[in-house]
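A.B. asks: Here's my sequence, what's the structure:
(2 chains)
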Amino acid sequence: MPGSRLIQRIQEISHRAGFIAVAVSFYDYESTVAFSYHADRYFHAASTIKVALLLAVLKAAEEGKLNLSGRLHVRNRFHSVVDGAIYRVSPDRDGDAETHRRIGRAVPIGDLARAMIVRSSNLATNLLFDFLGRDYIRGVVEQAGIAGLKFERGVEDEAAFAQGLNNEVTADGLLQLFRVFCDRRLLSEESCERAIAILLAQEFNGMIPAKLPGPARVAHKTGEISTACHDAGIVFLPDRQPYVVAILTEGPPEQRDRQKAVAAISGAIFHHLTDVVKRDA
Amino acid sequence: MRDLGLKIVDGLRLDPERRALLRPGETVTDAAGRRHVLPRFFYEIDSWEQAKQTSLSANFRLAELISVDCREAPILLDEFPHYVPCAVSILSRYLEAFRRRVDDFVFVSANGGYRSPAHALSRSPSLHAWATAAHIYRIGDTYLDDQNTIEKFARVAESVAPELYAKPFGHGENEADDHLHLDIGYVIYVPRDVDEAP
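C.D. replies: Residues are numbered from 1 along each chain as shown, chains lettered A, B, ... in the order given. Sure thing, here's the model as predicted:
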């Protein structure tokens, strides 16, 4: 499927799903094919921003700023980045009940990082955000040379939201972020492997992996809020190099079947890339 | 010299690194300009297992009152022996009396019992550095994270003894909004057989 046909397919899926905007970016390590479709448009990051925090946690561990086996007090009480007002993460809106059950106890930082990714724990995210600090996280993102990723605040910081302060990403930004792990940049081989292992354990698999063949393994992170539905990650297929993909969408709050639409785009990308390799062969 | 089966040590005789972190007998000034003297005598804890096995009272083990997170000074967190001011045993008596009153399990949070003066969360001088304060985050199955629950149990605590203080509910300094803070003030326990000569 040539690039123009892939764009046409993405537009068809997007139109049918009723998306307001779609952005796609991928890079294939096998064919070295790169593709961008509205990849510099900013979207609300939703939970995809947690991958940037994972990067920062692993960087902090390598720098000795924290120890992944060191324990952090689990407390559901945070200060807004805007005015310092106290806010909490709602257990009802959090995909991870386990970390809420551990309130009051001290939990290994490595476990919190894993919960933040595999169950998209908002509480674990804010604990790590609070511990590392926004400036440190931004510094790591900058050091990684990632453009297209704005880390502004913790999850459910309503005071910041009210002032229009949101975490934002572009498809290219997320692509660069995942490529840090593939390229073994910024972090050691061991830390990159650790990051990928955590991302492979993702429990929400209704988007990028859904339309891929059985042997595919995907190290990824989804992100959903009322108006956004994203997935980004690294796709590992047998007997070939992986490809990295980011699919970002924005739609009306009442939109249905949006995960299926993202899965369909993922499927189209898979067919495009496997066709490219076949054609080149 | 032993008490509770634990060795009692004079903080002034500890190695310089630990002394600098625990600051035994040092005078510190609180936010209101009042001066207080930090504890000088400590129980020495040889292992986490020993802390878990040491009963301070019928329902409180030493381990519950010394659990801290990675914001504690690394040497105090990672290396045994650990040290806790002797007043921890007095605090446990009040917590036990409180537990009898509420007739349910009382859970003290991590960082909620003893924290050294070097702990990143220890505002100088935090009563936690005297081992005379406890953060209770849960009683039975009830989490103490709203005004009604915190105030209800604060009233129970204050009925135990006049010296048992509960911080009022609130989001500011000297208030609590996600736990019940109890303390018995700047109590220093000097076991009877120790020599207080400098």
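A.B. asks: any weak-confidence spans in the stretch 1-150 of chain A?
C.D. replies: Applying pLDDT under 70 to the stretch 1-150 of chain A picks out residues A:1-2.
A.B. asks: residue nearest the centroid of chain B?
C.D. replies: Nearest to the geometric centre of chain B sits residue B:131, at 2.6 Å (C-alpha atoms, centre = their mean).
A.B. asks: so that residue sits right up against residue B:84, yeah?
C.D. replies: Yes - Residue B:131 is within contact range of residue B:84, at 5.5 Å (criterion: C-beta atoms under 8 Å). No exception for glycine: its C-beta is placed from N, CA and C like everyone else's.
A.B. asks: Could you pull out the strands in the stretch 1-150 of chain A for me?
C.D. replies: In the stretch 1-150 of chain A, the segments counted as strands under DSSP state E, counting those that start in this stretch are A:21-28, A:34-37, A:43-44, A:71-73, A:78-79, A:86-87, A:106-108, A:149-150.
A.B. asks: now the helices for the chain?
C.D. replies: Chain wasn't specified; assuming chain A. Taking DSSP state H, the helices of chain A run over residues A:3-17, A:50-62, A:97-101, A:109-118, A:122-132, A:134-143, A:158-162, A:171-182, A:189-200, A:258-280.
A.B. asks: not quite, I wanted chain B
C.D. replies: With helices called from DSSP H, chain B shows them at B:16-22, B:48-53, B:74-78, B:88-102, B:147-160.
A.B. asks: hang on, the earlier thing: for residue A:198, find the nearest of the strands of the stretch 1-150 of chain A.
C.D. replies: strand A:106-108 (13.3 Å; C-beta to C-beta).
A.B. asks: In terms of secondary structure, what does the closest one contact?
C.D. replies: In this structure, strand A:106-108 makes packing contacts with strand A:71-73, judged by 3 or more C-beta pairs under 8 Å, 6 or more residues apart in numbering or on different chains; DSSP states H and E.
A.B. asks: does chain B sit close to the strand it packs on?
C.D. replies: Yes - residues of strand A:71-73 contacting chain B under C-beta under 8 Å from any C-beta of the partner chain: A:71-73.
A.B. asks: Would you format those as JSON lines with distance to residue B:150 included?
C.D. replies: Shown next, in JSON lines, are those (distance: C-beta to C-beta, whole Å):
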{"residue": "A:71", "distance to residue B:150": "25"}
{"residue": "A:72", "distance to residue B:150": "23"}
{"residue": "A:73", "distance to residue B:150": "18"}
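A.B. asks: Which of the residues you listed sits closest to residue B:74?
C.D. replies: Relative to residue B:74, and with distances defined as C-beta to C-beta, the nearest of those is residue A:71, at 12.7 Å.
A.B. asks: How about the closest one, nearest residue that isn't a chain neighbour?
C.D. replies: Spatial nearest neighbour of residue A:71, excluding adjacent residues (C-beta to C-beta, 6 or more residues apart in numbering or on different chains): residue A:106 at 3.6 Å.
A.B. asks: mind listing what residue 143 touches?
C.D. replies: All of this is about chain A. By C-beta atoms under 8 Å, 6 or more residues apart in numbering or on different chains, residue A:143 lies in contact with A:59, A:186.
A.B. asks: I was after chain B.
C.D. replies: Shown in contact with residue B:143 (C-beta under 8 Å, 6+ apart): A:103, B:137, B:149.
A.B. asks: among those residues, which ones are buried?
C.D. replies: The neighbour count (16 or more other C-beta atoms under 10 Å in any protein chain shown) marks A:103, B:137 as buried among these.
A.B. asks: circling back to that earlier point, kindly reformat the strands of the stretch 1-150 of chain A as JSON lines and extend each row with mean neighbour count.
C.D. replies: Listed next are those as JSON lines, based on neighbours: other C-beta atoms under 10 Å in any protein chain shown:
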{"stretch": "strand A:21-28", "mean neighbour count": "23"}
{"stretch": "strand A:34-37", "mean neighbour count": "18"}
{"stretch": "strand A:43-44", "mean neighbour count": "22"}
{"stretch": "strand A:71-73", "mean neighbour count": "23"}
{"stretch": "strand A:78-79", "mean neighbour count": "18"}
{"stretch": "strand A:86-87", "mean neighbour count": "16"}
{"stretch": "strand A:106-108", "mean neighbour count": "18"}
{"stretch": "strand A:149-150", "mean neighbour count": "22"}
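A.B. asks: circling back to that earlier point, list residues touching both of residue B:131 and residue B:84?
C.D. replies: Shared contacts of residue B:131 and residue B:84 (C-beta under 8 Å, 6+ apart): B:65, B:114.
A.B. asks: tell me the contacts of residue A:227?
C.D. replies: Per C-beta under 8 Å, 6+ apart, neighbours of residue A:227: A:44, A:250-253.
A.B. asks: Could you list the low-pLDDT ranges of chain B?
C.D. replies: Residues of chain B that meet the criterion pLDDT under 70 lie in B:1-2, B:123-124.
A.B. asks: For it, what lies in contact range of chain A?
C.D. replies: So chain B meets chain A at B:67-71, B:107, B:109-112, B:137-138, B:143, B:145, B:171, B:177-179 (C-beta under 8 Å from any C-beta).
A.B. asks: got the contact list for the nearest residue to residue A:140 once chain neighbours are set aside?
C.D. replies: Distances taken as C-beta to C-beta, 6+ apart place residue A:56 nearest to residue A:140, at 4.3 Å, with adjacent residues excluded. Residue A:56 is in contact with A:132, A:136-137, A:140-141, counting by C-beta under 8 Å, 6+ apart.
A.B. asks: Then residue A:60?
C.D. replies: By C-beta under 8 Å, 6+ apart, the contact set of residue A:60 is A:66, A:132, A:136, A:140.
A.B. asks: now do 7 Å
C.D. replies: Counting by C-beta atoms under 7 Å, 6 or more residues apart in numbering or on different chains, residue A:60 touches A:66, A:132, A:136.
A.B. asks: Against residue B:94, how distant is it?
C.D. replies: Residue A:60 sits at a distance of 39 Å from residue B:94 (criterion: C-beta to C-beta, to the nearest Å).
A.B. asks: Equivalent analysis for residue A:49, please.
C.D. replies: 45 Å.
A.B. asks: Give me the more crowded residue out of the two.
C.D. replies: residue A:49 (27 against 21; other C-beta atoms under 10 Å in any protein chain shown).
A.B. asks: Fine, thanks again, bye for now.
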